[in-house]
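**Student:** okay, here's the prediction I keep looking at, along with the sequence it came from:
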Amino acid sequence: MTTRITHWIDGRPMEGTSGRTAPVHDPATGRQTGEVDLASRQEVDVAVASAAEAARAWGAASLSQRTAVLFAFREALHQRADELAAIITAEHGKVLGDAAGEIARGLENVEFATGIPELLKGGYSQQASTGVDVYSIRQPLGVVAGITPFNFPVMVPLWMCANAIATGNAFILKPSEKDPSAALFLAQLWKDAGLPDGVFTVLHGDKEAVDAILEHPGIAAVSFVGSTPVARYVYEQGTSQGKRVQALGGAKNHALVLPDADIDMAADAVVSAAYGAAGERCMALSVAVAVGDVADALVDAVAVRLPKLKVAAGCEADTDMGPLITREHRDRVAGYIGAGAQAGATVVVDGREADVPSEGYFLGTTLLDHVTPEMTVYTDEIFGPVLSVVRVETFEDGLELINANPYANGTAIFTRDGGAARRFQNEVQVGMVGVNVPIPVPVAYYSFGGWKDSLFGDTHMYGPEGVSFFTRGKVVTSRWPDPATSSVDLGFPRTR
């Protein structure tokens, strides 16, 4: 028995009319659990019309009305986090602890957005000229959309919709069709919090729905997270239609480990960052750059930790790593391991030979040593539980390697040397940097985004830049008659 997963339009579930659907599976068992509707262009039109009507009223709502809804949504999300985590695990496969962590990081963005009365304050200059005042305001765009990936079905939508809704827009979410149910749970929470119907919409779909969103004249802005090829496509197509677009792409995150690093701390951090959520994170560490004679000690320290990780269904107790999202993706990742070995990398730990459940889309942890920059395991975003170790002689060699990579999402350095860390943070050409922190995702009151092929557009996501993305500035220059000299009776006593 499978579940029908519908759209959410105008404040209620709405069955699709396109006649097209896609299967939804439990990655831990491989069994189909749902059938999700896929939107047509006509359904996108219906959703945009509903959102546009709602946006007019919501954009005029007072800041106190908006914050009341945001606080209520925040409380509902906090209270029902366990239910939502179970939905994430059932369709994505990540362990419940990772699912709970995802919700917590999304919740931070809702909490940030509750401060919208302060965040939307403009500037004011009195007497810019005689009798003339100048001030700035920020206003909502209208209808905006978010296209989000399978790996964070709650956190990434909350990166977008919290600020979009707080600033007075109506938000259309197009989640991944691989794990769509969490989006409907969020929709119900928004409704329960008092958000007016039509302000939050969920449209499930594939490329047809994405293209309709990118081309629709009623959508003013699109926020996207996914692979680099698709991010480039979304950016180019959306901007060609006159839309504001922020499109976050892929990653190949490096950790530079210096000889003076605390090896145990570095190994613990690298293992957690490389294999958590089966490596299906845009901020996962996929390359450890070992400087000088630290390489052997680092490889040994990582290798000894991997057999201790429990690989099983995410709902099982004490599980460290769950399955990958689909059978096809699991096989693709396994293919990279074979390609790396064939190209000359040393397979220290082979995930293809791991003792993992026979059902579902499981792959064990893999550690590759002596990887070189021309190998596909280095050049490509694998998005799986594979860590490559590249050996370099000096700090400069490691910095040059990282800066030469076309991806520039996140990076980290492990060292006890404050001078080396300071030089690294200043000279590395990457958008987010960790110093002895393996996954440097910014807190909600900063903004998230990489450089180079990891970001298309010039606005990072959430935080202050997210507020700017979902609003546009206006400057007002005003002059009012002086009641002392005006010939119009303004009801004020005249003074000499």
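**Tutor:** Sure thing, it's come through. Numbers count the residues shown, from 1 in each chain.

**Student:** not counting sequence-adjacent ones, nearest residue to residue 215?
**Tutor:** Computed as C-beta to C-beta, 6 or more residues apart in numbering, the closest residue to residue 215 that is not its neighbour in sequence is residue 241, at 5.7 Å. Backbone N, C-alpha and C define where each C-beta goes, glycine included.

**Student:** the one you found: how many residues sit nearby?
**Tutor:** 15 (other C-beta atoms under 10 Å).

**Student:** kindly report the same for residue 240.
**Tutor:** 11.

**Student:** what's near enough to touch the residue nearest to residue 215?
**Tutor:** Neighbouring residues of residue 241 by C-beta atoms under 8 Å, 6 or more residues apart in numbering: 214, 215, 217.

**Student:** now the residue nearest the centre of the chain: which helix or strand?
**Tutor:** By C-alpha atoms, centre = their mean, the chain has its centre lying nearest to residue 156, at 3.8 Å. If you go by DSSP states H and E, residue 156 is part of helix 155-166.

**Student:** how far away is the residue nearest to residue 215 from residue 219?
**Tutor:** 9 Å (C-beta to C-beta, to the nearest Å).

**Student:** just the ones of the contacts of residue 241 in strands?
**Tutor:** Per DSSP state E, strands hold no members of the contacts of residue 241.

**Student:** pLDDT below threshold where in the stretch 101-250 of the chain?
**Tutor:** Across the stretch 101-250 of the chain, nothing is flagged by pLDDT under 70.

**Student:** ok, which stretches of the stretch 251-400 of the chain are helices?
**Tutor:** 263-275, 294-305, 327-343, 376-379, 395-404 (DSSP state H, counting those that start in this stretch).

**Student:** returning to that earlier point: pull the CA atoms of the helix holding residue 156 into PDB?
**Tutor:** In PDB, the C-alpha atoms belonging to helix 155-166 read as follows (Å, rounded to 0.1, in the frame of the first residue of the first chain):
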ATOM      1  CA  MET A 155      16.700  22.600   6.500                       C
ATOM      2  CA  VAL A 156      17.100  24.100   3.000                       C
ATOM      3  CA  PRO A 157      13.500  25.000   2.500                       C
ATOM      4  CA  LEU A 158      13.700  26.800   5.900                       C
ATOM      5  CA  TRP A 159      16.800  28.600   4.700                       C
ATOM      6  CA  MET A 160      14.600  30.200   2.100                       C
ATOM      7  CA  CYS A 161      11.000  30.400   3.200                       C
ATOM      8  CA  ALA A 162      11.500  31.800   6.700                       C
ATOM      9  CA  ASN A 163      13.000  35.100   5.300                       C
ATOM     10  CA  ALA A 164      10.800  35.100   2.200                       C
ATOM     11  CA  ILE A 165       7.600  34.900   4.300                       C
ATOM     12  CA  ALA A 166       8.900  37.200   7.000                       C
END
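
**Student:** for the following helix or strand past it, packing partners?
**Tutor:** With elements assigned by DSSP H and E, the helix or strand that comes after helix 155-166 is strand 170-174. Strand 170-174 makes packing contacts with helix 41-60, strand 143-147, helix 155-166, helix 181-192, strand 200-202, helix 207-215 when contacts are defined by 3 or more C-beta pairs under 8 Å, 6 or more residues apart in numbering; DSSP states H and E.

**Student:** tell me which residues in stretch 290-310 are buried?
**Tutor:** Across stretch 290-310, burial judged by 16 or more other C-beta atoms under 10 Å covers 290-292, 294-295, 297-299, 301-303, 305-306, 309.

**Student:** now that stretch: how far from the chain's centre is it?
**Tutor:** 29 Å (C-alpha atoms, centre = their mean, to the nearest Å).

**Student:** run the chain-centre distance for stretch 72-82.
**Tutor:** Using C-alpha atoms, centre = their mean, the offset of stretch 72-82 from its chain centre is 20 Å.

**Student:** quick check: buried residues in that stretch?
**Tutor:** 72, 73, 74, 76, 77, 81.

**Student:** mind checking which helix or strand residue 232 is in?
**Tutor:** Using DSSP H and E, the element containing residue 232 is helix 228-240.

**Student:** elements contacting that helix?
**Tutor:** By 3+ C-beta pairs under 8 Å, 6+ apart, helix 228-240 packs against helix 207-215, strand 221-225, strand 244-248, strand 455-456.

**Student:** now for residue 478, how many residues are close by?
**Tutor:** Neighbours around residue 478, by other C-beta under 10 Å: 10.

**Student:** sec struct for it, please.
**Tutor:** With DSSP: H, G, I helix; E, B strand; the rest coil as the basis, residue 478 sits in strand.

**Student:** ok, back up a step: for the residue nearest to residue 215, give me phi and psi.
**Tutor:** In terms of degrees, to the nearest 10, the main-chain angles of residue 241 are phi -100, psi 10.

**Student:** roughly how far apart are it and residue 143?
**Tutor:** 13 Å.

**Student:** likewise for residue 247?
**Tutor:** 18 Å.

**Student:** what of residue 172?
**Tutor:** Relative to residue 143, and taking C-beta to C-beta, residue 172 is found at 7 Å.

**Student:** what do you get for residue 196?
**Tutor:** Residue 196 is 14 Å from residue 143, where distance means C-beta to C-beta.

**Student:** my guess is residue 281 contacts residue 151, does it?
**Tutor:** Yes - the pair residue 281 / residue 151 is scored as a contact, 6.2 Å apart, by C-beta atoms under 8 Å.

**Student:** now do the shared contacts for those two.
**Tutor:** Joint contacts of residue 281 and residue 151 (C-beta under 8 Å, 6+ apart) do not exist.

**Student:** per-residue confidence at residue 53?
**Tutor:** Residue 53 is assigned 98 on the pLDDT scale.

**Student:** and the residue nearest to it when sequence neighbours are not counted, what does it touch?
**Tutor:** Spatial nearest neighbour of residue 53, chain neighbours left out: residue 198 (6.0 Å); criterion: C-beta to C-beta, 6+ apart. Going by C-beta under 8 Å, 6+ apart, residue 198 touches 9, 10, 11, 50, 51, 53, 54, 55, 170.
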